[in-house]
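Student: build me a structure from this.
(2 chains)
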Number of protein chains: 2
Amino acid sequence: MPEFVRQIPAGDTHERLVCSTCGFVDYENPKIVVGAVVAERGRVLLCRRAIEPRRGFWTLPAGFMEMGETPEEGARREAWEEAQVRLVLEGLLAVYSISRIGQVQLIYRSRFDGPPSFAAGPETEEVRLFEWEDIPWDSIAFPSVRWALDAWRAVGTGPLGAPAGNPPEDPRGTVHLPAEAAL
Amino acid sequence: MPEFVRQIPAGDTHERLVCSTCGFVDYENPKIVVGAVVAERGRVLLCRRAIEPRRGFWTLPAGFMEMGETPEEGARREAWEEAQVRLVLEGLLAVYSISRIGQVQLIYRSRFDGPPSFAAGPETEEVRLFEWEDIPWDSIAFPSVRWALDAWRAVGTGPLGAPAGNPPEDPRGTVHLPAEAAL
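Tutor: So this is what the prediction gives:
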């Protein structure tokens, strides 16, 4: 594997990772995570992670957006991969920034496309619909999952207005768990 | 410079660019463009591009989000770099997807932080505030600039609701101009 060194390439303003073997410049850009709060009659779908980080903890179906897809397509793809769910997206529920790790999260409010149906995908141990009062708050994988659940609870089934953002006390998405990087 | 070949790395599901010299996997992720519609008493700020692509055409202050910043910080940084403007962001005006080139655009409605003040940055030939009827529609750099101006016109100074998205006739951000890639 190559060794990268930090340099400012000619004509650039920022330090970049440059391969000492090749000269290849690895522009590190923030990454987009797309995910969904899937609701069904007041219950919300969570996935128990089968992989590190935060294995065994509960999360929303979410993951890195891929090239060639829209954010909405990415959110639907992740829900299928992780929870075997077919989604209808209702709109953008929240935009979160976890700037320390260069991540922007686009979270959609959504519902099942047809009768509720789900199953654990390869990276998931278990998928469940939780009543609000049964959500395992002590076993939530990442802070932004909590934020998104709160945002969903606040808006309910009402019209979606301006998307929620980071809570005021955490505008940069300070991450206490190294785990957040791999949501 | 290295040569990259398209391969599916072990344990992966997508083709990636792999360096034939190093074995380095260059994950191509969608990139985030952050930008602003800057309004002042019904006029809107546009920048005439001093660089290719679309040199000489008018655009919003916008550019690629960098690591370590929030989207809002990125939008303010770009406005400073391109138009020497200090911004107050009022909220998210639009989220656009240009999926063919792997781009998600977050566009903020904003105003000057203090008395209007602007000047061309190094990548800009000219900065101007335009009345709506004076906007040079035939010389706009990218379709999404038009979309954002329309979204701004539709919402005016009223409360920002759900952000605008791609127009229905262009849900994937079909790009007829190769130029869009470098907005």
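Student: lowest confidence element among the helices and strands of chain A?
Tutor: strand A:25-26 (a mean of 76; mean pLDDT, DSSP states H and E).
Student: which helices and strands does it pack with?
Tutor: strand A:16-19 (3 or more C-beta pairs under 8 Å, 6 or more residues apart in numbering or on different chains; DSSP states H and E). From N, CA and C alone the C-beta is placed, and that goes for glycine too.
Student: what mean pLDDT does the strand it packs on have?
Tutor: The average pLDDT for strand A:16-19 rounds to 79.
Student: list the contacts of that strand.
Tutor: A:2-9, A:24-28, B:2, B:19, B:22, B:24 (C-beta atoms under 8 Å, 6 or more residues apart in numbering or on different chains).
Student: quick one: it to chain centroid distance?
Tutor: Strand A:16-19 sits 27 Å away from the centroid of its parent chain (C-alpha atoms, centre = their mean, to the nearest Å).
Student: now swap in stretch A:102-117 and tell me
Tutor: 10 Å.
Student: now that stretch: buried residues?
Tutor: The neighbour-count check on stretch A:102-117 (16 or more other C-beta atoms under 10 Å in any protein chain shown) flags A:102, A:103, A:104, A:105, A:106, A:107, A:108, A:109, A:110, A:111, A:112 as buried.
Student: which one of these is nearest chain B?
Tutor: residue A:102 (4.3 Å; C-beta to the nearest C-beta).
Student: mind listing what residue A:66 touches?
Tutor: By C-beta under 8 Å, 6+ apart, the neighbours of residue A:66 are A:74, A:77, B:14, B:29, B:30.
Student: the fourth one - nearest residue in space that isn't next to it in sequence?
Tutor: In space, and not counting its chain neighbours, residue B:29 is closest to residue A:31: 5.1 Å by C-beta to C-beta, 6 or more residues apart in numbering or on different chains.
Student: I'd like the contacts of residue A:66 laid out as JSON lines, including neighbour count, distance to residue A:136 and secondary structure.
Tutor: Formatted as JSON lines, the contacts of residue A:66 follow (neighbours: other C-beta atoms under 10 Å in any protein chain shown; distance: C-beta to C-beta, whole Å; DSSP: H, G, I helix; E, B strand; the rest coil):
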{"residue": "A:74", "neighbour count": "27", "distance to residue A:136": "26", "secondary structure": "helix"}
{"residue": "A:77", "neighbour count": "17", "distance to residue A:136": "26", "secondary structure": "helix"}
{"residue": "B:14", "neighbour count": "11", "distance to residue A:136": "32", "secondary structure": "coil"}
{"residue": "B:29", "neighbour count": "16", "distance to residue A:136": "31", "secondary structure": "coil"}
{"residue": "B:30", "neighbour count": "25", "distance to residue A:136": "32", "secondary structure": "coil"}
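Student: lowest-confidence member of these, which is it?
Tutor: Minimum pLDDT across the contacts of residue A:66 is recorded for residue B:14, with 73.
Student: interface residues of chain A facing chain B?
Tutor: Within chain A, the positions near chain B by C-beta under 8 Å from any C-beta of the partner chain are A:1-2, A:14, A:19, A:21-24, A:26, A:28-32, A:64-73, A:91-92, A:95, A:97, A:99-100, A:102, A:104, A:106, A:159-163, A:171-172.
Student: drop anything exposed from those.
Tutor: A:2, A:19, A:22, A:24, A:29-32, A:64-67, A:69-73, A:91-92, A:95, A:97, A:99, A:102, A:104, A:106, A:160, A:163.
Student: from these, which land in helices?
Tutor: Per DSSP state H, helices hold the following members of these: A:71, A:72, A:73.
Student: next one, pLDDT for the last one please.
Tutor: If I follow you right, that is residue A:73. Residue A:73 is assigned 97 on the pLDDT scale.
Student: and the residue lying closest to it once chain neighbours are set aside, what is it in contact with?
Tutor: Closest residue to residue A:73 apart from its sequence neighbours, by C-beta to C-beta, 6+ apart: residue B:99 at 7.6 Å. Contacts for residue B:99 (C-beta under 8 Å, 6+ apart) come out as A:68, A:69, A:70, A:73, B:30, B:172, B:173.
Student: let me know the pLDDT of residue B:99.
Tutor: pLDDT, residue B:99: 94.
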